[in-house]
Structure formats: C-alpha cells, structure tokens
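>>> my questions are about this predicted structure, shown below with the sequence.
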Amino acid sequence: MMNKKNTLDKKLNILVALDLTEMDAVLLRYMSFLNSIFSIQHIYFAHNIKQSVLNQLYEDILGEDIRIDEIIEEELKRNITQNYTGASDHSLIVTNEQHTESALTELAVDHQIDVVVVGDKSELKGTGGLPQKLVRMLNTHLLLVPEGARLELQKILATTDFSGNSVQALQAALLLARQTKSEIEALHVYGIPSFYFPYIDREKAQEQTRKHLHSRFLELQKKHALPADIQFKYVDKKEYSVVEAIRREAEKGKFDMIVISARGANNITRLFIGSTTNDLIRSNQTMPILVIKKR
C-alpha cells in the first residue's frame, strides 16, 4: 500500500505555482474545482521573482521608491480573489530566487507539501520547462494542469508497467476514483519489434502477448489487493511511441486525467525519472497529469 506519509487520503497541503500569465486564472479555477475532490488543509499560492530580473528592473527602469515586489503581490492577490472560489484556507508566498524550481522545492519542504500544482502550457505564455525540472527535484506528487483542463473528473487513466512504482499510481488513481465516483482504467502499452514478424505469425504473437499481460495483471491484483473489478486494457503501440499510444488512448477515451508514476520498472535513483514519464510531461497535453512520486 502507498506510504501513509505520501498518500492522497488525508488533509493535504498543496503548493500552486503562479507566474503572472494567463495560466494563473486556469490554475486558480482548477484549484477551486479540486476543493470538491481533495480534503485540503491549506493551499499555498506561490510566485517567484527571479533575483536577477528584480535587480535589473531596479537598476535600469525603476527608482528606489518603487517596490516591484509589492506591486506583483497586489496583482497576485487580485487574481486570486477574482478566480479562486474554493473554501480551503490559503495564503500567498512571494519569493526572490534565481531559480524558480529551487524556490518551489524549498517551499515544498518548509511547508510539508503533499502536491505541487503547476501549469502545463502549450499556447499560453509561461511555465516553460518548469514541470520537467520539478518532477526530478520534488519529493512530492506533481499535478500538471493544461489550459484546456475540464472542471470534472469522471474518467481516470492510470498507466502501469507492472512495477511496484506503477502500483503507487494505480492506488492513487483508485483513491481519486472512489472519492469522485469516477471510472478508472489501468493501461499497459506494449510493442512487438516489427523485425520478428517475417518469422512469426503476427496474430498468434499478439494473442500470446495478451494472455501473458492479462496473467501479469492478475498477479499484480492479487499481490497488491487491487479491486477485482478494475478495468485493465493493453494496447499495441504499433508504429507509435509509448507516449503517443498513451495520449491516443486518453484522448480517444475522453479521460479527464492521466495518473502515472514518476519512475517505472528501472528504479535506479531518485535523481532520475522514467523516460515515459519524462516524455509524457514534455508533450503538450489536453488533460491534467498527476505524477505520483514515492518518498
């Protein structure tokens, strides 16, 4: 079972990264929606003003009597008041660090954060490569919210490679499904190298692979006491990458969230994340991705 210190089944401290772009309104509205799903103890809205940028503004543009940090804080407060309608206690933190990912990582430790929420932008300005850096540095779960995120959670897709790490993602997805009465699907993507097909029967190979994967999932269910009625689907990635196959399945099934483990079967070190996870969070998304990280 998931480590109690790292479970979603408790009152959560959540850190939301704001960046003074259009993405902030998206995040604030989504956090208002999450109030109806999570049991939240406190939400920390955070913005980092890069120290070098702040110094340059004072030197080149602003006078000593103008406090840009105070102006930014007032704008953030206005945006929060306008777009956040949740009932959970919340506060605003403005930091002055050169690297935003380092500032957020420190805040996550200082405030015992359980989930960090950031924007996953494609067309809107802001965020950049922040999610990729955070998923490596944080010791918390990471929720990536795209600008097109729907304010509903009726279908959850959880990826699995049958590793212990991916079981954590399944358990988190099951918890969310119970709390929201959502449908859940466990997905495994496989591929058979095409150079084998001149020598073996493709249909027979596919059939044997499916039987093997079904057997492995039954073993996983038994070992980790997963619900007997959980839907398990395995898809051949064919000419696509694993990430493309996951995205196609998620979009075809009209899922509202993807839940994935930070690492897969190759559990080498906490400094690295799985290649599938890395590639998935790098690609533009149409739905939120919850990255489950084991402490």
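Nice, thanks for sending it over. Numbering: from 1, shown residues only.
>>> C-alpha only now, for contacts and for neighbours.
Fine.
>>> ok, His90 - contacts?
Residues near His90 by CA atoms under 8 Å, 6 or more residues apart in numbering: His42, Ile43, Tyr44, Phe45.
>>> can you rerun that using 7 Å?
His42, Ile43, Tyr44 (CA atoms under 7 Å, 6 or more residues apart in numbering).
>>> Thr276 too?
Val242, Val243.
>>> could you list the domains of the protein?
4-146, 155-287 (automatic domain parsing).
>>> possible to save those domains as CSV with mean pLDDT and distance to Lys294?
Below are the domains of the chain laid out as CSV (pLDDT from 0 to 100; distance: least, CA to CA, whole Å):
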stretch, mean pLDDT, distance to Lys294
domain 4-146, 85, 7
domain 155-287, 83, 7
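>>> what would the ones you listed look like in TSV with distance to Lys293?
Shown next, in TSV, are the domains of the chain (distance: least, CA to CA, whole Å):
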stretch	distance to Lys293
domain 4-146	5
domain 155-287	5
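>>> tell me the phi and psi of Leu138?
phi -70, psi 150 (degrees, to the nearest 10).
>>> out of the contacts of His90, which are buried?
The neighbour-count test (16 or more other CA atoms under 10 Å) marks His42, Ile43, Tyr44 as buried among these.
>>> longest helix anywhere in the protein?
helix 202-224 (DSSP state H).
>>> so which elements touch that one?
Taking 3 or more CA pairs under 7 Å, 6 or more residues apart in numbering; DSSP states H and E as contact, there are no helices or strands that helix 202-224 lies on.
>>> so which bits of that helix are buried?
Buried-residue list, helix 202-224, by 16+ other CA under 10 Å: Thr209, Arg210, Leu213, Phe217, Leu220, Gln221.
>>> name every strand pairing with the following helix or strand past that helix and say which way it goes.
Downstream of helix 202-224, the next assigned helix or strand under DSSP states H and E is strand 231-236. Applying DSSP bridges, strand 231-236 is found paired with strand 183-190 (parallel).
>>> contacts for the strand it pairs with?
Residues contacting strand 183-190 (CA under 7 Å, 6+ apart): 154-161, 177, 230-237, 242.
>>> inside strands: which ones of the buried ones among the contacts of His90?
His42, Ile43, Tyr44 (DSSP state E).
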